[in-house]
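Novice: Predicted model and sequence below, questions to follow.
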Amino acid sequence: MANGNASNLEIRDLRVQIEGEEREILKGINLTVEAGKIHAIMGPNGSGKSTLAYTLAGHPRYEVLDGEVLFKGQNILELEADERARTGLFLAFQYPVSVPGVSVANFLRAAINAHRAEEGKDSRQTAIPVAEFRKRLTEQMKQLDMAPEFARRYLNEGFSGGEKKRLEVLQMAMLQPSVAILDETDSGLDVDALRIVGEGVNRVKEQNPTMGVLVITHYQRLLNYIKPDYVHALVNGRIVRSGGPELALELDEIGYKRLVEEVAANAG
């Protein structure tokens, strides 16, 4: 699937453990998230799905033992978390944190300006004009069925699960990343919120057709809305199967227990 495109996210033999622990969680992940394509990773709890997401984002708790992650001509594992974000990498968290005192609008404008800033240039030359920002924010919030006062609320403070996930999609819509990693975005969502979030991701993808997407999920139901080009099964820190959208339906039908048993039998 790899084609040498520098906009691809190429994960090569990635091995990771949690800092201070001896147990290896990711045991040699090889995966290329192609520009313009949607990849989905499915697997049981404890298989390493969220570890992969947080490692890619640069969470300091996760220690890389070996491997590299190539994106836009560099190994992003050598970059700090904010530097990775500025390359165009975006992570939608499974459990977004609250930031009291910082409004949604101020947070988003600061994030956009950080992405627009160019090294060595006056930040005033790259900052998004207020009128342009407000217009874009209003349009994107409307599409995500968000009330106007949402922008004035403090970041994730008192938000419902659905509101938190819609805010993650709103951030993605405003930032227009090159690669978006969605870490169990469907967690805790009811049917209506799941549909809104799924349709929101699809809309962002339509606006930004070259964006690569990595959907990390436990359930197939999110993939009813976000249609993957490729599906990968992650078990015990390794990708054990890859295929098309039909693999998600198969995993949903047979269950992870049977998959784990098949992997163990083959390993034996």
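Specialist: Happy to help now that I have it.
Novice: check contacts around the residue nearest to Met146 when sequence neighbours are not counted.
Specialist: Nearest non-adjacent residue to Met146, counting by Cβ to Cβ, 6 or more residues apart in numbering: Arg166, 6.3 Å away. Where C-beta positions appear, they are placed from N, C-alpha and C, glycine not excepted. Applying Cβ atoms under 8 Å, 6 or more residues apart in numbering, we find Arg166 in contact with 144-146, 193, 196-197, 200.
Novice: Just the buried subset of the residues you listed, please.
Specialist: Neighbour-count burial (16 or more other Cβ atoms under 10 Å) applied to the contacts of Arg166 gives 144, 146, 193, 196-197, 200.
Novice: any low-confidence regions in the chain?
Specialist: Across the chain, the ranges flagged by pLDDT under 70 are 1-4, 118-125, 268.
Novice: Residue nearest the middle of it, spatially speaking?
Specialist: Ile181 (1.5 Å; Cα atoms, centre = their mean).
Novice: ok, back up a step: which of the buried ones among the contacts of Arg166 fall within helices?
Specialist: Judged by DSSP state H, the buried ones among the contacts of Arg166 include 193, 196-197, 200 as members of helices.
Novice: my guess is Ile226 contacts Val201, does it?
Specialist: Yes - assessed by Cβ atoms under 8 Å, Ile226 is found in contact with Val201 at 5.3 Å.
Novice: Phi, psi for Asp66 please.
Specialist: Per-residue torsions, Asp66: phi -170, psi 160 (degrees, to the nearest 10).
Novice: longest helix of the chain?
Specialist: Among the segments of the chain that qualify as a helix by DSSP H, the longest is helix 246-267.
Novice: roughly how far is it from the heart of the chain?
Specialist: Taking the mean of its C-alpha atoms, helix 246-267 sits 24 Å from the chain's own mean (Cα atoms, centre = their mean, to the nearest Å).
Novice: out of the ones in helices among the buried ones among the contacts of Arg166, who's nearest Leu31?
Specialist: Nearest to Leu31 among these: Val197, at 23.5 Å, using Cβ to Cβ.
Novice: contacting residues for the residue nearest to the closest one when sequence neighbours are not counted?
Specialist: The shortest distance from Val197 to any non-neighbouring residue, by Cβ to Cβ, 6+ apart, is to Lys165 (5.1 Å). Neighbouring residues of Lys165 by Cβ under 8 Å, 6+ apart: 92, 96, 185, 188-189, 193, 197.
Novice: where does Lys165 fall, helix, sheet strand or coil?
Specialist: Three-state assignment for Lys165 (DSSP: H, G, I helix; E, B strand; the rest coil): helix.
Novice: what's the spacing between it and Gly48?
Specialist: To Gly48, Lys165 is 22 Å away according to Cβ to Cβ, to the nearest Å.
Novice: just Val215 next, same as before
Specialist: 15 Å.
Novice: again, but for Gly67
Specialist: From Gly67 to Gly48 the distance is 13 Å (Cβ to Cβ).
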